[in-house]
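Asks: need a structure here:
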Amino acid sequence: MGCCFIMPSINSLNRMFCFLVLLFMSLVLASCSAVKMPMVPDEVKAQHPSNMPNPVVTNFNEACACMDDLMLINKVAPIYIASDGLLNYTSSRSISSGGKEMLITALSRMAVRSKGVKFVAYGSDIQNIVNLNGAHPDNKSFYVPDYFIRGGVTQHIKNIWSGQEGDGTSVSIDNGDLINHNTFYSIIGAEDVSGSNSNSASYGTVTLDMSAGFVSNLQIIPGASSANTLAMSGGASNSRSIDLTLGDLGYSYHLSNHRTLDFNQAFRSLIQVGAIEIIGKIQGVPYWRCLANAGTVEAKNEQLRRQFVELHKTDSQSIVRFAQKALRDLHYYDGEINGNLDLLTREGLQKYQQHMGLMASGILGYDTFRMMNIFTPARDTAYVPWWENHTLIPSPVTAGKEGKNAAAKAK
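Replies: The predicted model follows:
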């Protein structure tokens with residue numbers, strides 16, 4: 001390590017830097033008798049716990065539950081649906097072939113209370129449903145579905161964008177000696193230290209097309225379709241390296257982290273959105289109330305939190321009154337709007353919380369307050385104004401008309 005102080009070609013500042021770097025590397029070598037196994041980051045383990053079943057959560061799980069409440073308060077008659085499956089029509093092999101199962105799960109979430117949609121789980125050929133109905137041994141209880149859903153992934157760009165940024169530095173301690181071997185040259189005795197840092201990320205998209213048709217004539221219903229694209233980060237990586245050469249001694253250290261995100265999460269979200277849109281059009285209900293804020297919650301979350309804290313300080317009863325109004329609109333509560341968090345109100349809260357995937361505590365905390373303002377199936381405006389324009393996305397007027405016309409034709 002004293003080599004840094006006998007080199008006349010480097011100044012005193014470089015000598016000090018060189019000494020510190022070599023001291024650090026010596027400590028690293030002395031303290032690490034063996035390379036340690038990389039540890040999984042805490043945030044990854046929190047999202048994917050080891051040896052524990054983990055429920056699948058997307059930004060649209062609550063939107064499906066909202067759709068269930070929406071059909072309940074609109075007193076819709078149930079519709080029967082079958083599906084060929086939602087296939088992957090792209091060249092990408094990373095998209096799941098389980099689209100039909102994801103669709104069944106989404107439709108099931110939308111029918112817990114309302115029973116507004118019933119899925120007929122039959123074979124892949126819908127025509128067989130019609131052909132085999134007459135031969136069914138218990139054809140009185142067998143119901144030919146009114147509609148079928150078809151579709152699939154039509155576009156998948158895994159890396160619509162990717163980028164990398166990094167930096168590095170190196171310090172030459174001793175340039176070494178150039179040796180002439182007649183046919184080639186070599187350098188011996190070179191001493192240097194270098195390090196680098198690199199970050200990279202990617203961004204991609206998935207597009208899903210879905211449509212509904214009549215089983216009776218196998219015709220697609222005009223307007224009863226959904227085509228959406230969802231973008232998400234494909235992954236991110238970070239790498240760091242240090243290289244040290246002291247004569248014949250060399251040391252290299254490398255650390256890298258890479259996280260890949262599954263585009264099937266986006267696929268599932270698109271299926272949920274498409275199912276809500278198509279069922280909403282067929283049933284003629286304002287489905288946009290359940291989709292308006294589902295994907296943009298994070299940007300508005302802080303505004304809503306400030307509103308909750310302010311109301312809790314100044315007028316806590318107003319929060320209870322707003323909750324009682326929302327619970328009554330959704331048929332979880334039939335008592336008075338009096339601002340009292342009584343037993344009947346707590347029971348209504350528990351039922352609502354359980355349905356929306358919250359802890360069924362009966363306590364009117366921020367998470368419940370937030371959910372009631374983001375998903376408002378009984379109205380187009382939030383119960384408590386909490387962001388700039390105080391309204392949800394304007395409703396597409398034609399969507400409801402198309403759905404009602406389709407349902408009328410089916411009957």
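Asks: quick one: the helices in the stretch 51-200 of the chain?
Replies: Secondary structure of the stretch 51-200 of the chain (DSSP state H, counting those that start in this stretch): helices at 61-73, 99-109, 127-133.
Asks: what sits against Gln272?
Replies: The neighbourhood of Gln272, defined by Cβ atoms under 8 Å, 6 or more residues apart in numbering, consists of 58, 60-61, 63-64, 102, 106. For glycine as for every other residue, the C-beta is placed from the backbone atoms N, C-alpha and C.
Asks: quick check: mean pLDDT of the host helix or strand of it?
Replies: Following DSSP states H and E, one finds Gln272 within helix 263-283. Mean pLDDT, computed over helix 263-283, is 94.
Asks: kindly report the same for stretch 243-254.
Replies: Average pLDDT, stretch 243-254: 70.
Asks: point out where the protein drops to low pLDDT.
Replies: Where the chain drops to pLDDT under 70, the residues are 1-57, 122-141, 174-178, 185-190, 246-251, 296-299, 386-411.
Asks: how about the strands in it?
Replies: Here the chain has its strands, by DSSP state E, at 79-88, 117-119, 147-174, 177-180, 185-188, 191-214, 220-246, 249-260.
Asks: tell me which of those strands lies nearest to Glu302.
Replies: When these are compared by Cβ to Cβ, strand 220-246 sits nearest Glu302, at 21.7 Å.
Asks: for that closest one, packing partners?
Replies: Secondary-structure packing of strand 220-246 (3 or more Cβ pairs under 8 Å, 6 or more residues apart in numbering; DSSP states H and E): helix 12-31, strand 147-174, strand 191-214, strand 249-260, helix 263-283, helix 397-410.
Asks: can you list the strands that the second one pairs with?
Replies: Each strand that strand 147-174 pairs with, and the sense of that pairing, follows from DSSP bridges: strand 79-88 (parallel), strand 191-214 (antiparallel).
Asks: reformat those strands as a markdown table; add distance to Phe369 and mean neighbour count.
Replies: Output for those, formatted as a markdown table (distance: least, Cβ to Cβ, whole Å; neighbours: other Cβ atoms under 10 Å):
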| stretch | distance to Phe369 | mean neighbour count |
| --- | --- | --- |
| strand 79-88 | 33 | 20 |
| strand 191-214 | 32 | 19 |
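Asks: so which of those strands comes closest to Arg306?
Replies: strand 191-214 (31.0 Å).
Asks: and the angle from the closest one to helix 263-283?
Replies: Using axes from the mean of the first three to the mean of the last three Cα atoms, to 10 degrees, one finds that strand 191-214 and helix 263-283 are set 20 degrees apart in direction.
Asks: returning to that earlier point: and the strands of the chain: which comes nearest Gln353?
Replies: strand 117-119 (23.3 Å).
Asks: what strands flank that closest one, and is each parallel or antiparallel?
Replies: Strand 117-119 pairs in its sheet with strand 79-88 (parallel), by DSSP bridges.
Asks: hmm, back to that, distance to Ala266 added to the strands of the chain, as a markdown table?
Replies: Formatted as a markdown table, those follow (distance: least, Cβ to Cβ, whole Å):
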| stretch | distance to Ala266 |
| --- | --- |
| strand 79-88 | 13 |
| strand 117-119 | 23 |
| strand 147-174 | 9 |
| strand 177-180 | 57 |
| strand 185-188 | 52 |
| strand 191-214 | 5 |
| strand 220-246 | 4 |
| strand 249-260 | 13 |
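Asks: closest to Gln317 out of these?
Replies: Relative to Gln317, the nearest member of those by Cβ to Cβ is strand 117-119, separated by 38.2 Å.
Asks: and that closest one, what's buried?
Replies: Neighbour-count burial for strand 117-119, counted by 16 or more other Cβ atoms under 10 Å, picks out 117-119.
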